[in-house]
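Trainee: got a sequence here, can you model it:
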Amino acid sequence: MKYLKIITPFFMLLTMSCASQNIDKSFDSIKYEARTRGSMTLINVDAKEVSYKLPKKEGVYELSKEQLRSLNELVSLIKLTEIADLKAATNNRATDMALIGKIVIVLKGKKYVSSSFDAGNPPKELKKLEDLLYSLIKK
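Mentor: Sure thing, here's the model as predicted:
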């Protein structure tokens with residue numbers, strides 16, 4: 001019985017600590033922008049919905065819990081403090097052969113802006129996030 005009195009508070013504290021860590025990793029918003037002369041793609045995501053604007057299509061819809069979980073998981077894997085220093089794999093955007101891509105993640109009110117990259121070919125650390133963002137608008 002004495003052990004139960006000692007162990008129970010420990011597990012309660014551990015559970016509350018893990019739950020607060022999950023909340024801390026959720027993002028406020030994610031903005032993806034890809035543009036060049038005459039063409040632009042915008043994808044905005046917050047905790048409830050996705051809005052997007054493509055050259056010939058735009059819309060808004062609610063995120064599912066699974067989509068939100070996937071986004072949170074991918075954002076938690078990115079070292080946000082280093083996002084501005086990530087190197088792009090190619091530089092076709094310099095000659096208008098590719099749209100200029102950029103991702104902005106807002107977490108706890110702080111904005112993290114990626115370095116620019118060729119849309120469709122971001123730094124490897126951002127590739128899964130870009131792919132997921134594009135998959136959200138292909139409903």
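
Trainee: look up phi and psi at Lys57.
Mentor: Here the main-chain torsion angles of Lys57 (degrees, to the nearest 10) amount to phi -160, psi 140.

Trainee: for it, give me the pLDDT.
Mentor: For Lys57, the model assigns a pLDDT of 92.

Trainee: any idea what it is bridged to?
Mentor: With DSSP bridges applied, Lys57 shows beta-bridge pairing to Leu54.

Trainee: counting neighbours, what do you get for it?
Mentor: Using other Cβ atoms under 10 Å, the number of residues around Lys57 comes to 8. C-beta coordinates here come from the backbone N, C-alpha and C atoms, glycine included.

Trainee: check Arg69 too.
Mentor: 12.

Trainee: any idea which helix or strand comes after the helix or strand of the chain with the lowest mean pLDDT?
Mentor: None of the helices or strands of the chain scores lower by mean pLDDT, DSSP states H and E than helix 2-24, at a mean of 52. Sequence order places strand 29-36 as the next helix or strand after helix 2-24, per DSSP states H and E.

Trainee: name the helix or strand for Glu125, please.
Mentor: Judged by DSSP H and E, Glu125 forms part of helix 124-136.

Trainee: just the mean pLDDT for that helix, thanks.
Mentor: 95.

Trainee: go ahead and name everything in contact with it.
Mentor: 30, 32, 43, 45, 50, 52, 63, 67, 70-71, 74-75, 78-79, 83, 86, 89, 101, 103, 114, 117, 119-120, 122 (Cβ atoms under 8 Å, 6 or more residues apart in numbering).

Trainee: how about 6 Å then?
Mentor: Contacts to helix 124-136, defined as Cβ atoms under 6 Å, 6 or more residues apart in numbering, come from residues 32, 43, 50, 74, 78, 86, 103, 122.

Trainee: ok, now stretch 99-107?
Mentor: Stretch 99-107 has contacts (Cβ under 6 Å, 6+ apart) with 27-36, 93, 112-114, 116-117, 119, 122, 126.

Trainee: the same query, at a cut-off of 8 Å, please.
Mentor: Contacts of stretch 99-107 (Cβ under 8 Å, 6+ apart): 27-36, 39, 41, 75, 78, 80, 83, 93, 111-120, 122, 126, 129-130.
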